[in-house]
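Undergrad: Structure for this input, please:
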Amino acid sequence: MSFSQAVSGLGAASSNLDVIGNNIANSATAGFKSSTIAFADMFAGSNVGLGTKVAAVIQNFNDGSTTTTSRGLDVALSGNGFFRMTDTSGAVYYSRNGQLSLDENRNLVNTQGLTVTGYPASGVPPTIQTGANPVAISVPTTQMAARATTTATQVANLNSTDTVPTGGTFSASNADTYNSKSTMTVYDSQGNDHTLDMYYVKDTASNSWTVHAIDSTTGDAAGDFSMAFDTNGKLTSITSGGTTTTDGTVPLTINIATAPATVAANGAAANQVISLSMLGSAQQNTGTTTFGNPVQDGYAPGDLTSYAINDDGTITGSYSNQKTQLLGQIVLASFSNPEGLQSEGDNVWSATSSSGQAAVGLANTGTFGSLTAGALEASNVDMSQELVNMIVAQRNYQANAQTIKTQDQILNTLVNLR
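TA: This is a model prediction of the structure:
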């Protein structure tokens, strides 16, 4: 019986060394989770025991350290969760290795070619469709379409000591017919930029100014409006086209009329409505009229120049028009019992009845962990502990071998009895 006991001990010690060796071999594998072996004794009705057996190999899903790589497509996952991936047949796998890249179709994949899944971005401007089913995440090279300016903001501080111009009827070409001018760039429906000049003329009436807006790109008038201030210099009303807003919060509507020759050339909308807000403007004695930086929501078309994965899993594209756009968002999956996952090699696991079904969600929400862009989760193998475990397993193997040797000596003594 001692032979079988010792043989089982040798097998168990050998399996333990296999697990330890695998841990050490993967100490530099990103996202690798170390394992430990669990043993169980065997009795089968014998009070002495029949030896030992391997009961289970238990995976340790504690976090590995986060190491910075500064690579845009590297993502470290900390805390609960796994990256959700699919193969060409649609089978779903889960991984902690965030070393990602793009394939020939510009899909986001891991080093083995499994496709990373997430929520798509759609709409204008694109938003994440969190209610959709997870799909393959891609980084398309599609050009960002132009957006026509629909809203704009200009804050003016008109100098209260300015005098009424003496040059007569307003003319953009005659500086004696206006007090000051502000300029902003706006865009038409095809992304052509237009310079919108606004000329401020102090009226003969107290605390009143008239503004003439001109699209200097086409030479067309864009609209006139008046601004009224109270005795403290606060904007009280704006009047345009016979409509007066008393609180200054309703945007002013201006028509950008494209010249006929320009219409024939680019086909952009001839009459573009832009809501201009002058909220916050004032009339104060500052010695000179000043203007804040204009803000508007239009832009020219742009080509994709770079992309990056953010800490919340969103993928953002940067374009040549200095704009950014959402391209999608990586989803995470969690399990009620991660130790029940089946290791499939290639840094991935698959779900089993023991692990339970995957719950899908986003980083930093609920029980899901966090992502760190430009970094990787290192292997959680504790090298010093593994070396100690190796010594213990070696001694265990030697002791079981010694048991066989001792039993052999006893049998030899028995056989030599005369």
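Undergrad: Would you state the helices of the stretch 201-350 of the chain in chain order?
TA: For the stretch 201-350 of the chain, the helices defined by DSSP state H, counting those that start in this stretch occupy 260-266.
Undergrad: can you point me to the longest helix in this structure?
TA: Counting residues, the longest helix found in the chain (DSSP state H) is helix 383-415.
Undergrad: Assign a three-state SS to His9, would you?
TA: Slight slip there: residue 9 is Gly, not His. Assigned with DSSP: H, G, I helix; E, B strand; the rest coil, Gly9 falls in the helix class.
Undergrad: And the closest residue to it other than its chain neighbours, how close does it get to Thr406?
TA: With sequence-adjacent residues excluded and distances taken as Cβ to Cβ, 6 or more residues apart in numbering, Gly9 is closest to Asn400, at 3.5 Å. Using the backbone N, CA and C atoms, a C-beta is placed for each residue, glycine as well. Asn400 sits at a distance of 11 Å from Thr406 (criterion: Cβ to Cβ, to the nearest Å).
Undergrad: Of the two, give the one with the bigger neighbour count.
TA: Neighbours were counted for Asn400 and for Thr406 using other Cβ atoms under 10 Å; Asn400 has more, 22 against 12.
Undergrad: Could you tell me which residues make contact with the more buried one?
TA: 6-7, 9-10, 13 (Cβ atoms under 8 Å, 6 or more residues apart in numbering).
Undergrad: Quick one, grab the pLDDT at the closest residue to Thr29 other than its chain neighbours.
TA: The spatially closest residue to Thr29, leaving aside those adjacent along the chain, is Ser379, at 5.2 Å (Cβ to Cβ, 6+ apart). What the model reports as pLDDT for Ser379 is 95.
Undergrad: and the residue nearest the centre of the chain, how far is that from Asn133?
TA: Against the mean C-alpha coordinate of the chain, by Cα atoms, centre = their mean, the closest residue is Thr314 at 2.2 Å. Distance, Thr314 to Asn133, using Cβ to Cβ: 18 Å.
Undergrad: can you give me the strands in the stretch 1-150 of the chain?
TA: 35-42, 51-59, 66-68, 75-78, 82-86, 92-95, 100-102, 108-110, 115-122, 127-128, 135-136 (DSSP state E, counting those that start in this stretch).
Undergrad: For Lys202, which of the ones you listed is the nearest?
TA: In terms of Cβ to Cβ, the element of the strands of the stretch 1-150 of the chain nearest to Lys202 is strand 127-128, at 45.1 Å.
Undergrad: which helices and strands sit right next to the closest one?
TA: strand 115-122, strand 324-330 (3 or more Cβ pairs under 8 Å, 6 or more residues apart in numbering; DSSP states H and E).
Undergrad: picking up where we left off before, out of the contacts of Asn400, flag the one nearest to Thr142.
TA: Taking Cβ to Cβ as the measure, Thr142 sits nearest to Ala13 out of the contacts of Asn400, at 58.9 Å.
Undergrad: Could you give the number of residues near the closest one?
TA: Using other Cβ under 10 Å, Ala13 has 23 neighbouring residues.
Undergrad: Same check on Asn105?
TA: 10.
Undergrad: swap in Ser171?
TA: Residues near Ser171, counting by other Cβ under 10 Å, number 13.
Undergrad: and it, what does it touch?
TA: Counting by Cβ under 8 Å, 6+ apart, Ser171 makes contact with Thr177.
Undergrad: how near is it to Thr142?
TA: Ser171 is 46 Å from Thr142, by Cβ to Cβ.
Undergrad: Could you list the low-pLDDT ranges of the chain?
TA: Counting by pLDDT under 70, the ranges of the chain that qualify are 1-2, 44-46, 248-252, 257-267, 418.
Undergrad: Could you chop the protein up by domain?
TA: Here the domain parsing of the chain from automatic domain parsing is 2-62+379-415, 66-144+303-377, 151-296.
Undergrad: thinking again about what came up before, now for the residue lying closest to the residue nearest to the centre of the chain once chain neighbours are set aside, how many residues are close by?
TA: For Thr314, ignoring the flanking residues on the chain, the nearest one in space by Cβ to Cβ, 6+ apart is Gln329 at 4.6 Å. Counted by other Cβ under 10 Å, the residues lying close to Gln329 total 23.
Undergrad: Verify the contact between Gln329 and Gly118 for me.
TA: Yes - using Cβ atoms under 8 Å, Gln329 is in contact with Gly118, at 5.1 Å.
Undergrad: Name the residues contacting each of the two.
TA: Common neighbours of Gln329 and Gly118 (criterion: Cβ under 8 Å, 6+ apart): 137, 313, 315.
Undergrad: so the last one sits right up against Leu304, yeah?
TA: No - applying Cβ under 8 Å, one finds Ile315 not in contact with Leu304, separated by 11.5 Å.
Undergrad: More neighbours: those two, which one.
TA: Under the neighbour definition other Cβ under 10 Å, Ile315 and Leu304 were set side by side, and Ile315 has more, 25 against 18.
Undergrad: circling back: who touches both of Ile315 and Leu304?
TA: With Cβ under 8 Å, 6+ apart as the test, Ile315 and Leu304 both reach Val139.
Undergrad: residues near Lys181, how many?
TA: Other residues lying near Lys181 total 16 when counted by other Cβ under 10 Å.
Undergrad: Tell me how far it lies from Thr163.
TA: The value you get for Lys181 to Thr163, if Cβ to Cβ is used, is 17 Å.
Undergrad: With Val7 instead?
TA: According to Cβ to Cβ, Val7 stands 109 Å off from Thr163.
Undergrad: Looking at these two now, which is surrounded by more residues?
TA: More neighbours surround Val7 than the other of Val7 and Thr163, with 15 against 7 (other Cβ under 10 Å).
Undergrad: where do the strands sit along the stretch 251-400 of the chain?
TA: Secondary structure of the stretch 251-400 of the chain (DSSP E, counting those that start in this stretch): strands at 252-257, 271-277, 282-284, 290-291, 295-296, 304-309, 314-319, 324-330, 332-334, 342-345, 348-350, 359-361, 370-373, 375-377.
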